[in-house]
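Visitor: using only what follows, build the 3D model:
(2 chains)
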There are 2 protein chains.
Amino acid sequence: MEPGRLIEITDPADVRIAEFTAIRERDLTGRQGQFIAEGTVVLSMLAKAHGSGGAVRAEKLLLLKNRVAGLSDLIGQFPDDLPVYVAEAAVLDAIAGFHLHRGVLALGSRAAPPDLAQLIAALPESALVLVGCGISNHDNIGALFRNAAGFTADAVLLDETCCDPLYRKALRVSVGAVLAVPYARQGGAEEVLRTLAEAGFEIWALSPSGTVEIGAIAPGRRVALVMGTEGEGLPAAILDRFRSARIAQAPGLDSLNVGTASGIALYAIARAMGRLG
Amino acid sequence: MEPGRLIEITDPADVRIAEFTAIRERDLTGRQGQFIAEGTVVLSMLAKAHGSGGAVRAEKLLLLKNRVAGLSDLIGQFPDDLPVYVAEAAVLDAIAGFHLHRGVLALGSRAAPPDLAQLIAALPESALVLVGCGISNHDNIGALFRNAAGFTADAVLLDETCCDPLYRKALRVSVGAVLAVPYARQGGAEEVLRTLAEAGFEIWALSPSGTVEIGAIAPGRRVALVMGTEGEGLPAAILDRFRSARIAQAPGLDSLNVGTASGIALYAIARAMGRLG
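Guide: Numbering: from 1, shown residues only, chains lettered A, B, ... in the order given. Below you'll find the model as predicted:
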């Protein structure tokens, strides 16, 4: 890294870093293709996604000044012409609107996610996809992506009622997997599942009332695992129409957390498909 | 519920509800046996634990006034002589120090957790226990308890460096399981594991570098699953001395979230032990 590349910000209202102002509130309103990435692991995933020439681009970095010396490897992963802004802690906190104890931020952008039908058409012959229906909690969306990456899912398909996975917290909880796993967020749940069924996917809807225990499934070559929300679960219309699976557990308890349930189900299916080492 | 049982609080400084003031900060300092329970599900677990006559007691409730009418079933689960305080939203927020959108709180207390050796000695002949080492994140502690309950663990044993599971957020994330699953928090990790080994437990330490894939374990009648922190994992001294298991996953990725990993491992072991329906 050449020291001359760093641009110091001393005024929290500097227009060059305007996208980072009040990022907690911004998270609530959406950002139309732009997103904030936080932390060294997620920034490293952003650099990789940018370098691959796909839909994800890094726009600028904003770093805590006294951390820069330890971040030269990370900065070096981004293109030389990417603006790298630095600020003292007080300025950085004033920009963000709250205390950022790590102080490693980036602004990224993403072209509109691919069309659902195109994404499905591009999937390999042997494929595992994770489908989310009505999942509006940012932590849960992040957990779905983290587990999808961990268990070799080829794509995540979200219905239009799910929250944007590029929200700051969802991206952070995903440990950057949102930038690596192909995804779409389009259409109603039944439309997504119908398109998958037409493409030859076995549809397994996960529910505490599912008919088959997840570890007993002998999956085919194309499998879609469908997750609903923690409270309400999947709509009856979906459970009635497609195959359903349950995770065996102690009777009479509140169902598992969505992230944990998706991890267990993906692990069981990916293992049964022979996809895990 | 008799309406006369409700006691209205109009002054946020009222000493009768002093334990609820600034509960976010209080969480950071510990509470010596007292804890704050939030939400209808956790309060219902508190009422059940209180009714069982064990170490957990309900001390008082503090409810948002306009929710009381819908909570009569919940209130009825507590003893008739338990104080039920109610407050308008502005007063409640001033007491708590932040906006409580649900407004369902209780103060509970718990006698000191049982002695580690006594708890282990009281376990049934066929037993599954979850051990946490160095887990200081409140969400992760809560997730361990939720999964322990979900997958029939007989106890959770935490080493002395784990955080208190009665912290407000840990209790909430556990969906009240902290009040239901027996636990101890005592001793160093190696001491806990040595005591378990002497009691005839197979010790399986979970690690990305584990030697046996978790789904391939044929467990005996007494099994202890050991979880470390997300970043550092378990100390080499533990991995060297005891058997270690890994969760098969995509190569080269950041390891799973502690909650998800504990869920997958507990599910696999409890299923192999024939404990799940």
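
Visitor: the residue in the stretch 101-250 of chain A that chain B sits nearest to - how many residues pack around it?
Guide: Here the stretch 101-250 of chain A gets closest to chain B at one residue, A:A248, 3.7 Å apart by CB to the nearest CB. Bear in mind the C-beta positions are built from the backbone N, C-alpha and C, glycine included. Using other CB atoms under 10 Å in any protein chain shown, A:A248 is surrounded by 19 other residues.

Visitor: so who does the residue nearest to it when sequence neighbours are not counted touch?
Guide: Nearest non-adjacent residue to A:A248, counting by CB to CB, 6 or more residues apart in numbering or on different chains: B:L276, 3.7 Å away. For B:L276, the contact set (CB atoms under 8 Å, 6 or more residues apart in numbering or on different chains) comprises A:248-250, B:151-152, B:267, B:270.

Visitor: so which strand or helix has A:L130?
Guide: If you go by DSSP states H and E, A:L130 is part of strand A:127-132.

Visitor: what residues does that strand touch?
Guide: Applying CB under 8 Å, 6+ apart, the contact partners of strand A:127-132 are A:123, A:141, A:144, A:147-148, A:151-159, A:162, A:189, A:192-193, A:196, A:201, A:221-227, A:262, A:266, A:269-270, A:273, A:275.

Visitor: how much space between A:G231 and A:N137?
Guide: From A:G231 across to A:N137, the span is 10 Å (CB to CB, to the nearest Å).

Visitor: err, A:V178, not the other one
Guide: Separation of A:V178 from A:N137 (CB to CB) stands at 15 Å.

Visitor: A:A106 and A:S44 touch, don't they?
Guide: No. Between A:A106 and A:S44 there is no contact, the gap being 10.2 Å when judged by CB atoms under 8 Å.

Visitor: quick one: which of these two has more around it?
Guide: More crowded of A:A106 and A:S44, by other CB under 10 Å: A:A106, with 25 against 17.

Visitor: for the more buried one, what are its contacts?
Guide: A:36-38, A:42-43, A:46, A:58-62.

Visitor: now, of those residues, which are buried?
Guide: A:36-38, A:42-43, A:46, A:58, A:60-62 (16 or more other CB atoms under 10 Å in any protein chain shown).

Visitor: would you list those in JSON lines and tack on pLDDT, secondary structure and distance to B:E19?
Guide: JSON lines is the format used below for these (pLDDT from 0 to 100; DSSP: H, G, I helix; E, B strand; the rest coil; distance: CB to CB, whole Å):
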{"residue": "A:I36", "pLDDT": "93", "secondary structure": "strand", "distance to B:E19": "38"}
{"residue": "A:A37", "pLDDT": "94", "secondary structure": "strand", "distance to B:E19": "40"}
{"residue": "A:E38", "pLDDT": "94", "secondary structure": "strand", "distance to B:E19": "35"}
{"residue": "A:V42", "pLDDT": "95", "secondary structure": "helix", "distance to B:E19": "39"}
{"residue": "A:L43", "pLDDT": "97", "secondary structure": "helix", "distance to B:E19": "42"}
{"residue": "A:L46", "pLDDT": "97", "secondary structure": "helix", "distance to B:E19": "45"}
{"residue": "A:A58", "pLDDT": "97", "secondary structure": "strand", "distance to B:E19": "48"}
{"residue": "A:K60", "pLDDT": "96", "secondary structure": "strand", "distance to B:E19": "47"}
{"residue": "A:L61", "pLDDT": "97", "secondary structure": "strand", "distance to B:E19": "45"}
{"residue": "A:L62", "pLDDT": "97", "secondary structure": "strand", "distance to B:E19": "41"}
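
Visitor: let me know the secondary structure of the spatially most central residue of chain A.
Guide: With distances taken as CA atoms, centre = their mean, the residue of chain A nearest its centroid is A:V178 (3.0 Å). Here A:V178 takes the helix state, with states given by DSSP: H, G, I helix; E, B strand; the rest coil.

Visitor: for burial, what's the neighbour tally of the closest residue in space to it that isn't next to it in sequence?
Guide: The shortest distance from A:V178 to any non-neighbouring residue, by CB to CB, 6+ apart, is to A:P165 (4.5 Å). Other residues lying near A:P165 total 27 when counted by other CB under 10 Å.

Visitor: so A:P165 is in which element?
Guide: Using DSSP H and E, no helix or strand contains A:P165.

Visitor: ok, it touching A:V181?
Guide: No. At 9.2 Å, A:P165 does not count as touching A:V181 under the criterion of CB under 8 Å.

Visitor: which parts of stretch A:192-205 are buried?
Guide: Applying a neighbour-count criterion of 16+ other CB under 10 Å, one finds A:192-193, A:195-196, A:201-205 buried in stretch A:192-205.

Visitor: where does pLDDT dip in the stretch 1-150 of chain A?
Guide: The stretch 1-150 of chain A contains residues with pLDDT under 70 at A:1-4, A:26-31.

Visitor: in it, which spans are helices?
Guide: In the stretch 1-150 of chain A, the helices defined using DSSP state H, counting those that start in this stretch lie at A:23-29, A:40-51, A:72-76, A:89-96, A:116-121, A:138-150.

Visitor: looking at those helices, which is buried most?
Guide: For those, ranked by mean neighbour count under the definition mean count of other CB atoms under 10 Å in any protein chain shown, the leader is helix A:138-150 at a mean of 26.

Visitor: how about that one and chain B, touching?
Guide: Yes. Using CB under 8 Å from any CB of the partner chain, helix A:138-150 reaches chain B at A:143, A:146-147, A:149-150.

Visitor: now the contacts of strand A:127-132: which count as buried?
Guide: The neighbour count (16+ other CB under 10 Å) marks A:123, A:141, A:144, A:147-148, A:151-159, A:162, A:189, A:192-193, A:196, A:201, A:222-227, A:262, A:266, A:269-270, A:273, A:275 as buried among the contacts of strand A:127-132.

Visitor: name the nearest residue to A:D93, sequence neighbours excluded.
Guide: In space, A:D93 is closest to A:H99, 5.2 Å off (CB to CB, 6+ apart).

Visitor: okay, now the one you found: neighbour count?
Guide: Neighbours of A:H99 (other CB under 10 Å): 9.

Visitor: what are the phi and psi angles of it?
Guide: Phi and psi for A:H99, reported as degrees, to the nearest 10, are phi -80, psi 120.

Visitor: now do the contacts for A:G39.
Guide: For A:G39, the contact set (CB under 8 Å, 6+ apart) comprises A:102, A:104, A:172.

Visitor: nice, that's everything, thank you.
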